[in-house]
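Engineer: What follows is a predicted structure for the sequence shown.
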Amino acid sequence: MSRNGTRRARINGPVPCPEPGSNSQPAVNSTATPFDRHKRITLLFLKHAPLRNAPPDERAAKALADDLENLGAPFARACRLLALRGDLLPPEILGAFAKLDESRCRDEDGEAESMEVIDKVLEDEIGKKALRAFASFHPVPHRFSGAGQVHLATLHDGRRVSVRVQRPKARQRIVRDLDTLAEIAAFIDDPSGRGGLHRFSRFVDRLRITTLRELDYRHEETSLQELREKLNGYSRLRVPLPVPEFCSGRVLTTESIDGTEVWETPPRSTGHSRDLAEQLLGGYLDQIVVHGLVHPQPHLENLLLTGDGELVITEAGGTLKLGSATRPVFCFLLHALCSRDPQAVREASLRLGRPHGDDTVPDAAAFSAAITEALAEENLKERLRAVAKASATAGRPFPMAICRIADLFGNLRMSAEAIHPHFDTERFIAAHIAEQMEQIRENTVPFHSTSAA
């Protein structure tokens with residue numbers, strides 16, 4: 001059992017194929033129906049309907065957040081992102097949403113699919129069932145991963161691989177959840193002409209695009225190849241190589257690398273582990289600032305330590321892009337957040353935020369006060385989240401990719417400290433970003449204050 005409750009079967013050596021007529025297939029959960037889920041969601045919103053007409057107290061806001069988290073990862077992710085939009089919901093609700101974690105969500109269709117279903121997906125996607133496509137294929141999932149289940153297998157040339165197969169029920173449920181979120185957004189946007197202020201539907205549309213992109217494994221195949229290439233200079237970071245002939249929109253096959261999850265490895269404060277933590281953080285910071293890749297999934301469950309002291313990044317789902325014009329401004333913001341410079345944070349935030357019509361901040365004094373308050377937060381993750389919220393409240397919400405970076409920093413900090421318990425993540429990031437800023441200043445025009453500042 002993994003840290004977040006994910007079931008894992010520890011399998012070593014060759015992986016056997018199932019014998020004909022084997023009864024060792026995982027059970028399939030067929031009790032939940034679309035009607036049951038729609039009824040549950042309807043009852044939930046009837047339960048919390050009074051929140052639309054009166055400011056919530058802390059207890060009511062937490063109850064709403066907990067109920068939404070229990071609906072599954074799409075709702076938890078939407079709430080986490082909404083928590084950065086101070087212009088959309090009361091602060092009590094935003095505070096409760098900020099504490100949600102999609103990794104804690106239980107999939108209502110979380111039981112493994114049968115081999116019959118897996119074979120059907122494999123045949124539809126790569127043209128062959130498991131026993132023909134692979135020399136061996138273990139019928140019991142090694143682990144779950146989002147909407148997929150991962151099986152260990154062996155290719156006919158002897159290479160050991162991990163095969164992630166998307167579960168049809170999980171995909172269908174995620175699409176239904178996105179449809180439900182769209183209905184909720186339309187319901188909130190419509191009454192009293194407040195839709196122009198709240199813009200929930202636009203927010204949900206962007207969330208739908210990023211979520212459906214994650215369900216197409218071809219994007220992750222490309223991201224793994226790109227991540228592997230960009231991290232080539234980091235000798236102790238390793239990314240599994242995809243096997244293209246066994247990849248498709250719903251099947252992702254990569255080389256299988258033996259290792260132990262970071263959170264299961266006893267921490268050791270050594271120079272060896274410090275170097276590994278530095279490579280992890282440096283690699284991810286370079287991905288963002290230099291290459292514009294935002295890969296928000298370095299969870300402890302997705303990082304493996306090999307016997308040779310390498311760190312394996314097993315997944316690259318949900319990778320977003322930062323444009324070439326956005327990267328130096330974001331680097332400027334990070335540098336200002338690390339040095340706690342309110343004027344520089346304010347300037348960078350106004351550059352990053354997307355104006356809606358007017359290029360001014362309605363209440364400049366309130367915006368400046370919110371920035372100053374945000375800089376009092378203890379760690380970089382919370383400072384970035386607070387600044388994103390302040391910018392959105394001022395009518396200049398950050399791009400979704402930058403909002404996801406806040407949680408990425410939280411994941412990186414946990415991972416670095418799991419590798420080296422006394423590692424100073426904040427200090428390393430500040431030094432690394434300072435070096436990047438020097439390179440930006442040598443090659444680009446210096447930043448100028450905007451008219452809104």
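Structural biologist: Received, thanks.

Engineer: Within its sheet, name the partner strands of the strand or helix carrying V312 and how each one runs.
Structural biologist: Using DSSP states H and E, V312 sits within strand 311-313. Paired strands of strand 311-313, with direction, are strand 237-238 (parallel), strand 303-305 (antiparallel) (DSSP bridges).

Engineer: want to throw those into TSV with mean pLDDT?
Structural biologist: Converted to TSV, the strands paired with strand 311-313 look like this (pLDDT from 0 to 100):
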stretch	mean pLDDT
strand 237-238	93
strand 303-305	89
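
Engineer: Tabulate those (TSV), appending distance to G292 and mean neighbour count.
Structural biologist: C-beta: built from backbone N, CA, C; applies to glycine. Shown next, in TSV, are these (distance: least, CB to CB, whole Å; neighbours: other CB atoms under 10 Å):
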stretch	distance to G292	mean neighbour count
strand 237-238	18	20
strand 303-305	22	21
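
Engineer: May I see the buried residues of the longest helix anywhere in the chain?
Structural biologist: Scanning the chain for the longest helix, with DSSP state H as the assignment, gives helix 168-189. Residues 168-171, 173-174, 177-178, 180-182, 184-185, 188-189 are the ones in helix 168-189 that count as buried (16 or more other CB atoms under 10 Å).

Engineer: Could you list the paired strands of the helix or strand following the strand holding V312 along with their orientation?
Structural biologist: Using DSSP H and E, the helix or strand that follows strand 311-313 in sequence is strand 320-321. Next to strand 320-321 in the sheet, as set by DSSP bridges, lie strand 293-294 (antiparallel).

Engineer: ok, which stretches of this protein are strands?
Structural biologist: With DSSP state E as the criterion, the chain has strands at 136-137, 143-145, 148-154, 160-166, 237-238, 251-255, 260-261, 293-294, 303-305, 311-313, 320-321.

Engineer: what's the strand holding V312 in contact with?
Structural biologist: 227, 231, 236-240, 257, 259, 262, 276, 279-280, 298, 302-306, 419 (CB atoms under 8 Å, 6 or more residues apart in numbering).

Engineer: what does stretch 125-137 give?
Structural biologist: 14-18, 115, 118-119, 122-123, 151, 153-156, 158, 161, 163, 245-251.

Engineer: quick check: mean pLDDT across that stretch?
Structural biologist: Mean pLDDT, stretch 125-137: 95.

Engineer: ditto for stretch 439-447
Structural biologist: pLDDT averaged over stretch 439-447 gives 66.

Engineer: again, but for stretch 65-78
Structural biologist: pLDDT averaged over stretch 65-78 gives 79.

Engineer: that older thread, quick one, which of the strands of the chain is nearest to K47?
Structural biologist: strand 143-145 (29.6 Å; CB to CB).

Engineer: Parallel or antiparallel, which strands does that closest one pair with?
Structural biologist: strand 148-154 (antiparallel).

Engineer: Great, nothing more from me.
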